[in-house]
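> Sharing a sequence plus its predicted fold:
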Amino acid sequence: MKTTVVNIVTPDGPVYDSEVSMVSVRTTAGEMGILPGHIPTVAPLNIGVVRLKKDKTTEFVAISGGFVEIRPDKVTILCPSAELADSIDLDRAKEALQRAEQRLSGSENTDVQRAKLSLNRAMNRINVKEGNI
Ligand code: ATP
């Protein structure tokens, strides 16, 4: 079976480094499935889930945007933050969601764009942790 190396890197360090048979990411233009041997590309990413397909299993990583650099034998994802499902703190994400919802339903001084991004990050983490993906 053909594989490609996937690295997911954040400012805090590497989060994922493994060989997979397929990786899919959510680019700003839509979902993109990447197989080994893909032509070189760079694409911006949305907040979303990275699906990492191995022989019999699939792993899921919540990421908060960034970029993917694709080469035929390697996929590098650079993002502000990334968490494997196991390392997501569900309570923290639910609290972040509640804060964002309160901001969006509250005063007119709210930075709406910032609150929406915070809400999306929290919902994404909750979905990955709860397996709603
Ligand atoms: P919060 O308000 O809870 O900090 P946030 O969306 O503002 O949420 P980020 O700025 O995206 O948080 O992330 C800051 C750091 O905290 C990153 O290292 C990220 O991986 C980690 N992080 C954020 N939320 C969670 C969570 N629910 N579980 C595990 N790690 C988290």
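It's in. Since this is a predicted model, take the numbers as computed values, not measurements. Numbering: from 1, shown residues only.

> what helices or strands is the strand or helix carrying residue 66 leaning on?
If you go by DSSP states H and E, residue 66 is part of strand 58-71. The helices and strands touching strand 58-71, judged by 3 or more CB pairs under 8 Å, 6 or more residues apart in numbering; DSSP states H and E, are strand 13-20, strand 30-34, strand 41-53, strand 74-78, strand 82-84, helix 112-130. Bear in mind the C-beta positions are built from the backbone N, C-alpha and C, glycine included.

> Can you pull up the residues of this protein that come close to the ligand?
Taking CB under 6 Å from any ligand atom as the criterion, the neighbours of the ligand within the chain are 12, 64, 81, 83, 87-89, 92-93, 96, 118, 121, 125.

> Narrow those residues to those that are buried.
The neighbour-count criterion (16 or more other CB atoms under 10 Å) marks 64, 81, 83, 88, 93, 96, 118, 121, 125 among the residues of the chain next to the ligand as buried.

> Just put the helices and strands packed on strand 58-71 in TSV and tack on mean pLDDT.
Supplementary listing: the helices and strands packed on strand 58-71 in TSV, determined by pLDDT from 0 to 100:
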stretch	mean pLDDT
strand 13-20	97
strand 30-34	97
strand 41-53	97
strand 74-78	98
strand 82-84	97
helix 112-130	96
